[in-house]
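coordinates only, sequence not included:
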């Protein structure tokens, strides 16, 4: 246990990781043996604490007709890394930004260019922000899955153990 | 326009990117001026085509008490890249896998270690699959945002333009 | 099919890739079962659209007595990449420039030095333009071949299918 | 002068570099003040010696509807470099191969993927040949130009100086 | 607070970091306002838990007449990293080993060669163990200091707060 | 022999490397057959010469509850390397600094972050000093051992051989 | 044959490469069947042309008591490469400088530090000149040998063939 | 002083570094105020000890008509580094080999190719020996100079101080 999430929180998060849209609070409540209002309260609290940051649809961009879905690896000066990661979100075409704890290759940007000119424009705008673009690579495919750690050691944990 | 998604599909995907859980088909329908049943049909079709792969909750793992949320960069032999990307999903602790179109540093794995032994185990299991682990870096923060390209040139697109 | 080139365009380009000098419009017309004037019109249109940029003789420089035929790999600041790629063409001794979609190692220059002083001068002039020279390597040999994709799935495509 | 090409050869090659298709032997003959039959003889001899390897049309692939025009950088074992460079030409989608005089990153392949699966297949086939794919990058643009060295120190060289 | 070390433990460790030899349990006891036997008990417990691994003299090897004090950076196969880090300790001349959580450059060995042959032998023995030696660099100087985090937010923490 | 340390010095240093805290001068004296006062004099002299720089407790930080024990690899401008290595010691959270004899990756800093914000702050402060942070990696484990070279060729060296 | 050196020049250079000190012009003359005065004249001419730059004793520095014989790899701005290579010769401790035809890692300096402070000083002085020191590595051993190409295809070439 | 070379040895080596061919023992004797026979004896002793390994003529290969004078950087398995460095000397075209004290890029070979095929053959033969060729770069120029350290602190050292 780690003092922040209890077993109920973990079970809720695990269910939401599997399907954040089609799993209602009622479904989760039934699954883990608590009332729907408890589940709703827990979710609200996780949202307020910033532990849940949002709910996203996962799109296969190539299948959707965008072959130039690209990972752009950047270096930010270390004292501007946080600020630049946030600014990168504003660049049209960017879909995700990850901030990595190191001095080089420390901002990973996912972006979609509709054509080469668009990809060039995105690279230029990231540069104008103060980032150094180090590499650009096509994303072939991506998969997301729930964090099994939320299942704890007892994968068939019982309802009610809100210790 | 690119022949696969029309403007209605794009508007629906854009709304789901903003909030995949709390935005009902009714909300979207109202937003874009179509019937809820049309929205539901479109979503089903996007799911069937594999363009929508799922809906995920976005968790701030450090805030949730997991400081060892890590990006593990691997190299797969190029003829096993797809297969190994899928296998990596089975490793306990892994939360996402991205397959990159190149010969080295071509599998990016996000994973959570509850302690150093767990991180070591994850690295070992990825190696046992046949991946070469090249780098491991703490993920400081991550941000996801909608793809503005779905808004087209006309950001205030009108209802009904299902051309 | 991709909306820009039809099968006739592709067959013409394929023939020109094999031999751009000794293949007359008549030869191509005969090969694909259309009139020579149609072939000439198509070629003109491809030239006007900028899809055909030119016709080049392919020289074996070492055999021609120039052992210092060299690939010079440069980095351009990303917001000047296009402009610098064009300027590099002006440097005496440069025979080709390729602009790569990334932040480093993003301009590839082929150049011929008649002796070491010439190679040094070329490196200096590229630097003066604002490029950073990262690597220089002798080109041992080069081969060019037609793009088989122009043959489509039906490699023995019949005349007349200008669908 | 370097013992292999004389000034006439150089002038002919220079003209062919500018436009290999629309410049007839007559045009060149007129330009440099020799008879057309001399020009034709010289060209034949350059072809027989392997100094002229062919004549290629230069295509802007992105404009032609192929955004995935890619530079694939490979490493061949040094004792198989020549042989593998030639084999790479056989892979469907490959349009050019350059062999570089070093131990790593020594084969540069240009290739076109019609979609991600095609690019993956090309990478796999290059790997199956025995190449190690090190990097893959989109080619943004390319420019080819004549080798000014063929103009010698006397850019307005007179006809007849076949010394 | 993090559940493992309380403030007393931290103060004891901080004193030992400053001088592990000339600071008796009595000195520490006096410094932090507890009895010497409490300090001795705490130290024993920290040793038993493996939190204190030992006490080392810090030697300036160049001043001691060993100019070839060297950092040898190695890569271990990730599934043998722990085992090889321990084996490296057995190589004559090695003075420290650090195991890093990544796939390459993941074992740092400090070693002293009395001459070039000795350094070569150390490299060879590390290789024989199964390590790949990636780099070797002379250590110019090294400095060790106490971890200020042990002082907590209250750098002048009072005795008795063994909460 | 190398003119700076004689065999007695080496034996003393070897004993202190094994356990710098619990090995009294009496213990060492007995071990090597000299008087305790001789041992104490020798130790004082080694301290005065700067050959002994201090005595440190060796802490297993992960076991102590600090999972973010990190190796931060920096580059200092070569003419400020010494000065910056010393300044890095002042950054809160830093526990060791090693200065390496090269132009890049020439300062290795060990540091402990209590959370991600702390690690970010340490990186920022090192940057503010003038260091470039190149890499950051979790330290999985570390081992320190005596320098066997102090045992000389005669591992069972007799007392009295203060030649 | 390459127009600059004839077979006699090559034989003379080959003999001087084997032993530049103990091989008199008479010895060479006898070896290749020409008069000593011809050999002396040829050597003078090779010196005047700058083809022979000097005669050096080859010293095993480690055996001579200098274990810190080091290869320092630098990057010069490409437009100052020649000038900086020459300036590097002035730094006390430097014994050789090689200028490489590329944009990075383009100046190789061999230097001897009598101790760590000396090596640091050399690095600092190279930096002060405008070089960036990239790497420093101990030279373990070096071997020099004659260029067999001077023997031509006929390794037992007869005297008199001054064609 | 370092116990191996005394001041006389150093002065002799310094004179030989300046010009190993045209400086007789008599010249050196006169320069440093000792008898020629003493100088000869000293030189013999330095040769017997292996401190003097030979005397080489220093050739400007580009000026001599060999533009493909190349530095080939190799990696030897660390346990075969010494052996492979010696074997590399046997490859036709190689003029020098340096063995570097590290795990990668640890054999530097200077070689001359008379044309591209020759350079390819040299790379292949080094590979056949068991070396991995990592990089090949043209050597633009090289300079050799005496080691000023042989002049000691007293650059105008007097004769007779054979202490």
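Done, it's in. Treat the numbers as computed from the prediction; the structure is a model and nothing was measured.

every contact and neighbour count from this point should use C-alpha atoms.
Will do.

what are the phi and psi values for residue A:69?
Listed backbone geometry of residue A:69 is phi -90, psi 120, with angles given as degrees, to the nearest 10.

residues near it, how many?
One way to gauge burial is a neighbour count; for residue A:69, by other C-alpha atoms under 10 Å in any protein chain shown, it gives 24.

which one is it nearest to, not counting chain neighbours?
When the adjacent residues along the chain are set aside, residue A:69 lies closest to residue A:112, with 4.4 Å between them (C-alpha to C-alpha, 6 or more residues apart in numbering or on different chains).

pull up the pairing partners for the longest strand along chain A, direction included.
Of all the elements of type strand in chain A, the one with the most residues (DSSP state E) is strand A:132-144. With DSSP bridges as the test, strand A:132-144 is paired with strand A:69-75 (antiparallel), strand B:94-100 (antiparallel).

with distance to residue G:11 and mean pLDDT added, can I get those strands in CSV?
Formatted as CSV, those follow (distance: least, C-alpha to C-alpha, whole Å; pLDDT from 0 to 100):
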stretch, distance to residue G:11, mean pLDDT
strand A:69-75, 56, 96
strand B:94-100, 57, 95
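
now tabulate these in TSV and tack on distance to residue A:138.
Listed next are the strands paired with strand A:132-144 as TSV, based on distance: least, C-alpha to C-alpha, whole Å:
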stretch	distance to residue A:138
strand A:69-75	4
strand B:94-100	6
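
and of the ones you listed, who's closest to residue F:77?
Between residue F:77 and those, the tightest spacing by C-alpha to C-alpha is seen for strand A:69-75, at 19.2 Å.

what residues does chain A put near chain D?
Residues of chain A found near chain D, taking C-alpha under 8 Å from any C-alpha of the partner chain as the criterion, are A:62, A:67, A:68, A:115, A:116, A:136, A:137, A:140.

of those residues, just the buried ones, ChimeraX syntax please.
Buried residues among those (16 or more other C-alpha atoms under 10 Å in any protein chain shown), as a ChimeraX selection:
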select /A:62,67,68,115,116,136,137,140
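
looking at the residues of chain A next to chain D, which is nearest chain B?
residue A:140 (5.1 Å; C-alpha to the nearest C-alpha).

and the closest one, how far is that from residue A:106?
Residue A:140 sits 21 Å away from residue A:106, taking C-alpha to C-alpha, to the nearest Å as the criterion.

distance to residue F:55 for the residues of chain A next to chain D - can I get that in a markdown table?
Formatted as a markdown table, the entries for the residues of chain A next to chain D read as follows, by distance: C-alpha to C-alpha, whole Å:
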| residue | distance to residue F:55 |
| --- | --- |
| A:62 | 60 |
| A:67 | 60 |
| A:68 | 58 |
| A:115 | 62 |
| A:116 | 61 |
| A:136 | 49 |
| A:137 | 50 |
| A:140 | 54 |
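
same list as before, the residues of chain A next to chain D that is, but in JSON lines and with pLDDT included.
Converted to JSON lines, those look like this (pLDDT from 0 to 100):
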{"residue": "A:62", "pLDDT": "92"}
{"residue": "A:67", "pLDDT": "93"}
{"residue": "A:68", "pLDDT": "95"}
{"residue": "A:115", "pLDDT": "93"}
{"residue": "A:116", "pLDDT": "93"}
{"residue": "A:136", "pLDDT": "93"}
{"residue": "A:137", "pLDDT": "94"}
{"residue": "A:140", "pLDDT": "93"}
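
out of the residues of chain A next to chain D, the closest to chain C would be?
When the residues of chain A next to chain D are compared for distance to chain C (C-alpha to the nearest C-alpha), residue A:136 comes out closest, at 5.0 Å.

any idea how far residue D:31 is from the nearest residue to that closest one once chain neighbours are set aside?
Once its chain neighbours are removed from consideration, residue A:136 has its nearest residue in residue A:72; the separation is 4.5 Å (C-alpha to C-alpha, 6+ apart). Summarising the geometry, the distance separating residue A:72 from residue D:31, computed by C-alpha to C-alpha, is 50 Å.

higher neighbour count, these two?
Of the pair residue A:72 and residue D:31, residue A:72 is the one with more neighbours under other C-alpha under 10 Å, namely 26 against 14.

quick one: contacts for the more buried one?
Under the criterion of C-alpha atoms under 8 Å, 6 or more residues apart in numbering or on different chains, the contact list for residue A:72 reads A:108, A:109, A:110, A:111, A:133, A:134, A:135, A:136, A:137.

list just the nearest of the residues you listed to chain B.
For the contacts of residue A:72, the residue nearest chain B by C-alpha to the nearest C-alpha is residue A:137; the value is 6.4 Å.

which stretches of chain A have low pLDDT?
A:1-3, A:152-163 (pLDDT under 70).

just list whatever residues bridge to the residue nearest to residue A:136.
In this entry, residue A:72 is beta-bridged to residue A:109, residue A:136, by DSSP bridges.

quick check: it vs chain F, distance?
If you measure residue A:72 against chain F using C-alpha to the nearest C-alpha, to the nearest Å, the figure is 19 Å.
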